[in-house]
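Colleague: 3D model of this:
(one chain, ligands or ions: 1)
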Amino acid sequence: MMKPPRHIAIIMDGNGRWAKERGLPRLKGHERGAETVRAVTEECVALGVEFLTLYAFSTENWKRPDEEVGGLWVLLEHFLAQELPTMMKNGVRLRAIGRIHELPESTRAKLAETITATSANKATTLILALNYSSRIEIADAARALAAEAKDGKLDPAAITPDTLAARLYTAEYPDPDLLIRTSGEMRLSNFLLWQLSYAEFVITPKMWPDFSKQDLRGAIAEFHGRERRFGGL
Ligand code: FPP
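Modeller: Numbers count the residues shown, from 1 in each chain. Down below sits the predicted model:
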C-alpha cells in the first residue's frame, strides 16, 4: 500500500443538514458527527496517518443558538471522557488549536486532562480546532513578531515565512497534505489558510455523519492520484 498522507485536515460539514433531512434536532447530527470522528480517527491510526486536524468549532460558531453551542461543548466533553480508553489503546495523542482559553471552564478542564493523559502516545496526533480562526491565528502571530521586534529580540529584516509559521498554533506540526471537506461546499471558511498552501483538496458531497472509513480511504486514493509539484515542473 502507498504511504498515506502524513497530515490530513478535515472540515466536518453537514451535521445540521443531515439532521434536518431526517426531521431530527441539529444536536442529533452533531452526535452522529462525533461517531464519524471516532471512526475516522481509528482509520487514521490503522493507515498510519501521523496527524489528523479536525475543524470542530470556528470563532463564528458562537453565533448559533445557545442551546446548540452549549450542546456542542457537552458533546465534546462526553466524547473525550468516553474515548480516552480507546485513545490510550490506539496510541492517539490529543492536541487542540484555537482560542482555547475562551471555552467553558468544564470543557477546558476535560481537554487539558485528556491532552495530558495522552501526551506520550505515539501513533496518530488528533488535533481539534476549537474556537479557531485562521485570520486571528495569523494576526496573533504577527502581533507576537511585532512585540519581539519592539523589544529588540527580532530583526524585522530577518523575518521569513518560517519565522511567522513558528508563531502559529501549528508550529510543531507539518502542514496538512490533504484537506477533506464534506457536504459539497467549496470553501475554506477561515481554516488553516497559511498551512493549506500546498494541500490537495478533496470535496465530497456526503454529509459528515455519513462519511465513512471507506470514504476516507477513497479521499486518500484520490490524493495519491494527484501529481504534487509544489510550483515546480
Ligand atoms: C458542521 O456542521 C459541524 C460543526 C460546526 C460541529 C462539528 C462537531 C462535531 C463533528 C461533533 C463534536 C466534535 C468532536 C471532536 C467530538 P454544521 O452544523 O455546520 O452543518 P450544516 O452546515 O448542515 O448546518
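Colleague: which stretches of this structure have low pLDDT?
Modeller: Across the chain, the ranges flagged by pLDDT under 70 are 1.
Colleague: so who does Glu68 touch?
Modeller: By Cβ atoms under 8 Å, 6 or more residues apart in numbering, Glu68 lies in contact with Arg26, Leu27, His30. In this view, the C-beta of every residue, glycine as well, is placed from N, C-alpha and C.
Colleague: which SSE is it in?
Modeller: helix 66-90 (DSSP states H and E).
Colleague: tell me which residues of that helix are tucked away?
Modeller: Residues of helix 66-90 classed as buried under the neighbour-count rule (16 or more other Cβ atoms under 10 Å) are Gly71, Leu72, Trp73, Leu75, Leu76, Glu77, Phe79, Leu80, Glu83, Leu84, Met87, Asn90.
Colleague: Around the ligand, pick out the residues from the chain.
Modeller: When proximity is defined by Cβ under 6 Å from any ligand atom, the chain lies next to the ligand at 12-17, 30, 33-34, 37, 54, 56, 61, 75-76, 79, 128, 208.
Colleague: Any of these buried? List them.
Modeller: Buried residues within the residues of the chain next to the ligand, counting neighbours by 16+ other Cβ under 10 Å: 12-17, 30, 33-34, 37, 54, 56, 75-76, 79, 128, 208.
Colleague: Restricted to strands, list those.
Modeller: Here DSSP state E is the test, and these give Leu54, Ala56, Leu128 as lying in strands.
Colleague: Any chance of JSON lines for those, columns distance to Glu172?
Modeller: As requested, these are arranged in JSON lines below (distance: Cβ to Cβ, whole Å):
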{"residue": "Leu54", "distance to Glu172": "17"}
{"residue": "Ala56", "distance to Glu172": "19"}
{"residue": "Leu128", "distance to Glu172": "15"}
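Colleague: Can you name the residues that contact the residue nearest the centre of the chain?
Modeller: Nearest to the mean C-alpha position of the chain, counting by Cα atoms, centre = their mean, stands Leu54 at 2.3 Å. Listed by Cβ under 8 Å, 6+ apart, the contact partners of Leu54 are Ala9, Ile10, Met12, Val37, Leu126, Ile127, Leu128, Ala129.
Colleague: need the contact list for the third one.
Modeller: Taking Cβ under 8 Å, 6+ apart as the contact definition, Met12 lies against Gly33, Thr36, Val37, Leu54, Tyr55, Ala56, Thr182, Trp208, Phe211.
Colleague: my guess is the second one contacts Asp215, does it?
Modeller: No - using Cβ atoms under 8 Å as the test, Thr36 is too far from Asp215 to be in contact (9.3 Å).
Colleague: Compare the two (neighbour count), which wins?
Modeller: Taking neighbours as other Cβ atoms under 10 Å, Thr36 and Asp215 compare with Thr36 leading, 25 against 19.
Colleague: and Ala9, helix, strand or coil?
Modeller: The three-state assignment at Ala9 reads strand, by DSSP: H, G, I helix; E, B strand; the rest coil.
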